[in-house]
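Trainee: just the structure for this:
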Amino acid sequence: MDYYNILGVNKAATAQDIKRAYRKLAKEHHPDHGGDAARLQQVNEAYETLKDTQRRAEYDAPPMQQQFHFNTGNVNDVFHSFFQQRHQPQRNRDITVSVTLDLIDVLNGKNLNIQYSTFNGGQTQANISIPPGVDNGGTLRIKGLGDNSHSSIPRGDLLVTIIINKHREFERSGSDLRITKNISVLDLIIGVEVLITTLDNQSVNISIPPGFQPNQMLKVTGYGLLNPNTRQPGNLYVAIHPIVPTTSDPNLINQIQLIKQHLQI
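Mentor: Take a look at the predicted model:
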């Protein structure tokens, strides 16, 4: 498999060139955009190899495994052994699979039992643990669960590409979450207490102060997703969408006009 060709770069490509090509192809082949999951697996496999300096060097020019001395044995046997060792990989190949999660799985983590094919056509399965806070399009490397076609060398790794379904209410930004709440402009003027339901279905009461502007957001600390680096939860941000009530009552409209004049708005 030509990893450079898969990513559409040449062998002189820099790390930034490879990263840019990967991001473009990962977005193009992502199932959320109507892409091909099998093609995405190839793109991920190519990127995982070429982004790592040592693995890329081994892929470009596999090192010689052994030096030979011609002091004993048949010369033909020595050459046969040399070329066999020269092309023998250090370990079996990695296998890339994709799993689809809901946003609640990102919050809590999830254990999955997955089935996949090895390169010799065999079928295998594995129990894997998806940790909280994984990124959409990210890849988890699980050691020793990849291809096992060659029994004489170590097994490859399993690369698990994460695909996260969009949530109908919550938007994600890193470890933070955002939700939109509809509030009457009258409540924004006088202030109001509102009940927010978090991603994990907890009820949180928040206070909107008088005069709150629609372009502001309220922060609910600690109700976001886990940050894998800091091991701390992110925040939930509540965006306020103003609702303007309608009325045809002339008396009420007149009162509103008086209030507007009083407030000089």
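
Trainee: what's the neighbour count on residue 131?
Mentor: The tally of other residues near residue 131 (other Cβ atoms under 10 Å) stands at 11. C-beta coordinates here come from the backbone N, C-alpha and C atoms, glycine included.

Trainee: dump the residue contacts of the closest residue to it other than its chain neighbours.
Mentor: Nearest non-adjacent residue to residue 131, counting by Cβ to Cβ, 6 or more residues apart in numbering: residue 109, 5.3 Å away. Residues near residue 109 by Cβ atoms under 8 Å, 6 or more residues apart in numbering: 129, 130, 131, 132.

Trainee: let me have those in CSV, extended by secondary structure and pLDDT.
Mentor: CSV is the format used below for the contacts of residue 109 (DSSP: H, G, I helix; E, B strand; the rest coil; pLDDT from 0 to 100):
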residue, secondary structure, pLDDT
129, strand, 94
130, strand, 95
131, coil, 94
132, coil, 95
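
Trainee: ok, residue 2 - how many residues close by?
Mentor: Other residues lying near residue 2 total 7 when counted by other Cβ under 10 Å.

Trainee: what of the one 5 residues further on?
Mentor: Residues within reach of residue 7, counting by other Cβ under 10 Å, total 23.

Trainee: go on, residue 110?
Mentor: 17.

Trainee: domain ranges for the protein, per the record?
Mentor: What automatic domain parsing lists as the domains of the chain is 92-165, 171-263.

Trainee: which one of the ones you listed lies nearest to residue 26?
Mentor: Closest of the domains of the chain to residue 26 is domain 92-165, at 5.6 Å (criterion: Cβ to Cβ).

Trainee: which residues in the protein form helices?
Mentor: Applying DSSP state H to the chain gives helices spanning 3-7, 15-28, 37-50, 53-60, 75-86, 103-108, 185-190, 250-263.

Trainee: in a markdown table, list these along with mean pLDDT and distance to residue 199.
Mentor: Conversion of the helices of the chain to a markdown table gives the following (pLDDT from 0 to 100; distance: least, Cβ to Cβ, whole Å):
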| stretch | mean pLDDT | distance to residue 199 |
| --- | --- | --- |
| helix 3-7 | 89 | 35 |
| helix 15-28 | 87 | 25 |
| helix 37-50 | 83 | 26 |
| helix 53-60 | 81 | 37 |
| helix 75-86 | 52 | 54 |
| helix 103-108 | 96 | 6 |
| helix 185-190 | 88 | 24 |
| helix 250-263 | 77 | 38 |
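
Trainee: of all these, which one is nearest residue 152?
Mentor: From the helices of the chain, taking Cβ to Cβ, the stretch that ends up closest is helix 75-86, at 11.1 Å.

Trainee: ok, of the domains of the chain, where does mean pLDDT dip lowest?
Mentor: In terms of mean pLDDT, the lowest-scoring of the domains of the chain is domain 171-263 (a mean of 89).

Trainee: end to end, how far does that one reach?
Mentor: Using Cα to Cα, to the nearest Å, the gap from the first to the last residue of domain 171-263 comes to 36 Å.

Trainee: and what of stretch 177-193?
Mentor: End residues of stretch 177-193 are separated by 20 Å (Cα to Cα).

Trainee: which strand residues bridge residue 164?
Mentor: Partner residues in beta bridges with residue 164, using DSSP bridges, are residue 101.
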